[in-house]
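[1] turn this into a structure:
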Amino acid sequence: MANEKRKNDENTPAENAVGPAFALIGIGLIFLLNLDFWPWILIVAAGAATAGLILRGELTWWHLDGVVWLLGLFVIALTGFWWPGILLLVGVSMLLKAVIGTHTISTYMDERHKRKRGFVPPADDDRFF
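    Residues are numbered from 1 along each chain as shown. Model (predicted):
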């Protein structure tokens, strides 16, 4: 049992600490600069999520979609144009999903999960699992 690896054990501590560190720095800046908490916390959350995804090499559309929504909601909340703004945000989200799809944006993730050597068993064969 001691030899089993958890999923998060493959990431280095730096990869795991960047998101929370970015969030704490952002929240500290919000209070230091005396900014309104509501729209600016969306920027902090988007930045923390993006920084962690880039370092882990997991930046796919499904991860980027949340960042796009956080940034879009930030702009909508800052300008106050909720009704036309939400339609634009949904359209941008759909357009980016159609263009990017499920492809990995960073090549680091592709190289990290390449088969190093040996036989890869078929996923539908129960004899191997």
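
[2] contact partners for residue 89?
    68, 69, 72, 73, 76 (Cβ atoms under 8 Å, 6 or more residues apart in numbering). From N, CA and C alone the C-beta is placed, and that goes for glycine too.

[3] can you rerun that using 7 Å?
    69, 72, 76 (Cβ atoms under 7 Å, 6 or more residues apart in numbering).

[4] could those be laid out in TSV, adding neighbour count and secondary structure?
    Below are those laid out as TSV (neighbours: other Cβ atoms under 10 Å; DSSP: H, G, I helix; E, B strand; the rest coil):
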residue	neighbour count	secondary structure
69	16	helix
72	19	helix
76	19	helix
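
[5] which one of those residues is nearest to residue 18?
    Distance to residue 18, by Cβ to Cβ, is smallest for residue 69 among these, at 20.8 Å.

[6] ok, the closest one to residue 89 distance?
    Residue 69 is 7 Å from residue 89, where distance means Cβ to Cβ, to the nearest Å.

[7] ok, now residue 32?
    Going from residue 32 to residue 89 by Cβ to Cβ gives 29 Å.

[8] and for residue 36?
    Counting by Cβ to Cβ - residue 36 and residue 89 are separated by 20 Å.

[9] and what of residue 30?
    Note on residue 30: its distance to residue 89, by Cβ to Cβ, is 23 Å.

[10] what do you get for residue 20?
    Taken as Cβ to Cβ, the span from residue 20 to residue 89 is 27 Å.

[11] swap in residue 50?
    17 Å.

[12] now the helices for the chain?
    Ranges of helices within the chain are 13-32, 37-56, 61-79, 82-100, 107-112, based on DSSP state H.
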